[in-house]
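Engineer: here is my input; please provide its structure:
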Amino acid sequence: MLRYCLKPSKIILSVISVIAVFLSPIQSAQADESAIQVKVDPSLSAMVPQYYREKGRIVVGVNPDTAPIKFIDDNGDIAGFTPDLLTAAAGLLGLRLDLTQASFDSLIPGMKANRFDVLISLADFKSRQNAVTFIDYLNMGETVVAPADKNTTLTSLDNMCGLRVAFAKGSGVQPEGERISANCVKQGKQPMVPNIYPDDNLVFLSLTTGASDVAWVDSPEGYYNTKKFPTKYKVIFFTYKAPYGIGFGVDEKSKQLVVAMQKALLKLQADGTYEKLLGKWGLQAKDALPTFPINGATSH
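Structural biologist: Down below sits the predicted model:
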């Protein structure tokens, strides 16, 4: 995984750091398999490597802070588009999911340490493919979100000079933020001020408290939050970036599981389940990736 070290701003409120302890516990939850009814497909389950067939389950690492993709619902359960989609695909393979909550920057190290068999969801960048095999399932962009009552505007990411910009630790925007900030200094402008938080829940909270001027988050979450809380947030910039991927290991048994899972996802596309789930979670058809390419990233 790309691990970036960028010094957090001193502006981050200490009270938010305290809240983070309570909002980011490491815990496990079973997927709600009753939400989607599928039957085991014998031809697909036969493709599952013996290692996983014997276990009967796959342990899934997830940082559930990106609604509606993956988040904690009002019942305290991990929910969202990706858990639903992966639950259905695993069901076709005769496997169940054990969803294990973890911080974003611990996901790939956790897979390397054999804590997780699968990860949801990560942006598929070429630079991550040495550690993760991706099945891409959704187009993803980046949004810059501002408080709804502010007159903040943005025509380019490079115009964030002097802004206090909140984003999640370990996210793909960190190296981009370094580049933008350095370029601001070269132009004789104030650097972009990075406010780095453990997860996107605290990123949005920093907008509410005034600790940050804007939040830099994945587009599904940016649009979801502005639609849900139109008096609190507004999207001021959008750009396509990379596909969302379900992550697997790079060893042989993991690559075999990838092939079986891809075929299961293609079956869900053919029978209409994929489209149904897009509608359920308010995602747009134009952002769909119904061919589920493996390691389809073009961005580094």
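Engineer: contacts, neighbours, all on C-alpha from now
Structural biologist: Noted.
Engineer: now do the contacts for D158.
Structural biologist: I180, C184 (Cα atoms under 8 Å, 6 or more residues apart in numbering).
Engineer: from F238, how far out is it?
Structural biologist: 13 Å (Cα to Cα, to the nearest Å).
Engineer: got it, and G110?
Structural biologist: Note on G110: its distance to F238, by Cα to Cα, is 31 Å.
Engineer: swap in P175?
Structural biologist: 18 Å.
Engineer: returning to what we had before: G110 and F238 - which one has more neighbours?
Structural biologist: Neighbour count, other Cα atoms under 10 Å: between G110 and F238, F238 has more, with 21 against 16.
Engineer: neighbours around the nearest residue to the more buried one once chain neighbours are set aside, how many?
Structural biologist: Nearest residue to F238 in three dimensions, chain neighbours excluded: T143, at 4.5 Å (Cα to Cα, 6 or more residues apart in numbering). T143 has 25 neighbours, counted by other Cα under 10 Å.
Engineer: can you confirm T143 is in a strand?
Structural biologist: Yes. Judged by DSSP: H, G, I helix; E, B strand; the rest coil, T143 forms part of a strand.
Engineer: beta partners of it?
Structural biologist: Taking DSSP bridges as the rule, T143 bridges to V217, F238.
Engineer: my guess is it meets K234, correct?
Structural biologist: No. Contact criterion Cα atoms under 8 Å: T143 and K234 do not qualify, at 9.8 Å.
Engineer: how about the residue lying closest to Y197 once chain neighbours are set aside, phi and psi?
Structural biologist: Excluding the flanking residues, the one nearest Y197 by Cα to Cα, 6+ apart is A168, at 5.0 Å. Main-chain dihedrals, A168, degrees, to the nearest 10: phi -80, psi 140.
Engineer: tell me how many other residues crowd A168.
Structural biologist: As a burial measure, A168 scores 24 neighbours (other Cα under 10 Å).
Engineer: cool, and R53?
Structural biologist: With other Cα under 10 Å as criterion, R53 counts 16.
Engineer: ditto for P42
Structural biologist: Neighbour tally, P42, other Cα under 10 Å: 11.
Engineer: pull out the buried residues from stretch 99-109.
Structural biologist: Of the residues in stretch 99-109, L99, T100, Q101, A102, S103, F104, D105, S106, L107, I108 count as buried by neighbour count, 16 or more other Cα atoms under 10 Å.
Engineer: rounded mean pLDDT for that stretch, please.
Structural biologist: The average pLDDT within stretch 99-109 is 93.
Engineer: and if you look at stretch 73-80?
Structural biologist: Mean predicted confidence for stretch 73-80 is 94.
Engineer: and the residue nearest to F238, how close does it get to N114?
Structural biologist: Per Cα to Cα, T143 is found 33 Å from N114.
Engineer: now swap in A182 and tell me
Structural biologist: For A182, the distance to N114 - Cα to Cα - is 37 Å.
Engineer: ok, now E54?
Structural biologist: E54 sits 16 Å away from N114, going by Cα to Cα.
Engineer: ok, now which ones touch the residue nearest to F238?
Structural biologist: W216, V217, D218, S219, G222, Y223, V235, I236, F237, F238, T239.
Engineer: same thing but 7 Å
Structural biologist: Residues in contact with T143 (Cα atoms under 7 Å, 6 or more residues apart in numbering) are W216, V217, D218, S219, G222, V235, F237, F238, T239.
Engineer: residues near the second one, how many?
Structural biologist: A count of neighbours around V217, defined by other Cα under 10 Å, yields 25.
Engineer: how is the chain carved up into domains?
Structural biologist: Following the assignment in automatic domain parsing, the chain carries domains at 25-140+242-287, 141-241.
Engineer: CSV for those, including distance to P293?
Structural biologist: As requested, these are exported to CSV (distance: least, Cα to Cα, whole Å):
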stretch, distance to P293
domain 25-140+242-287, 5
domain 141-241, 16
